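A.B. asks: have a look; sequence and predicted model below, questions after that.
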Amino acid sequence: MKSFHAVTSDGRVLHGVPVFREAYELVELGWLWNWTVDAPWMGKVANVFYDLFARYRTDITRGSPVLELIRQYEEEGRTEAVLSFSVGEKKDVSCRSCEEKFADTLTNKS
């Protein structure tokens, strides 16, 4: 997982720091991220640090790379095909893609 992604209600796809800005804005805490917009150079710095953190997120928070964690979980029988799908090994046919779910929301609006 290289970065967080989000799809807004109007269909915009966000990734990285903008996801946090938007999420915090929705819960009226947007001021915490204003510095990334008010000073554009700070936003660029935040993006660089976020990208670096996101790349090594599980190494930092759990002490192992994500693929190693998945392997351990599979050995323990704690995963289903959904986790494996994220690394391209198996496909869980019961899992619908974000695109399909988003298309459903558009269909239900009309």
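C.D. replies: Looks like it arrived, so ask away. Please read these numbers as outputs of a predicted model, since none were measured by experiment.

A.B. asks: just for this structure, where's the confidence low?
C.D. replies: By pLDDT under 70, the weakly predicted segments of the chain are 1-2, 78-110.

A.B. asks: in it, which spans are helices?
C.D. replies: 17-26, 35-38, 40-55, 57-62, 66-75, 81-86, 98-109 (DSSP state H).

A.B. asks: single out the most deeply packed of these.
C.D. replies: helix 17-26 (a mean of 17; mean count of other C-beta atoms under 10 Å). (C-beta placed from N, C-alpha, C; glycine too.)

A.B. asks: got the CA positions of it in PDB?
C.D. replies: Provided in PDB are the C-alpha atoms of helix 17-26 (Å, rounded to 0.1, in the frame of the first residue of the first chain):
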ATOM      1  CA  VAL A  17      -1.900  14.100   2.100                       C
ATOM      2  CA  PRO A  18      -5.100  15.400   0.300                       C
ATOM      3  CA  VAL A  19      -7.000  12.400   1.700                       C
ATOM      4  CA  PHE A  20      -6.200  13.500   5.200                       C
ATOM      5  CA  ARG A  21      -7.000  17.200   4.500                       C
ATOM      6  CA  GLU A  22     -10.400  16.200   3.100                       C
ATOM      7  CA  ALA A  23     -11.200  13.700   5.900                       C
ATOM      8  CA  TYR A  24     -10.200  16.200   8.600                       C
ATOM      9  CA  GLU A  25     -12.200  18.900   6.900                       C
ATOM     10  CA  LEU A  26     -15.300  16.700   7.000                       C
END
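
A.B. asks: that one - contacts with which helices or strands?
C.D. replies: Helices and strands touching helix 17-26, by 3 or more C-beta pairs under 8 Å, 6 or more residues apart in numbering; DSSP states H and E, are strand 5-7, helix 35-38, helix 40-55.
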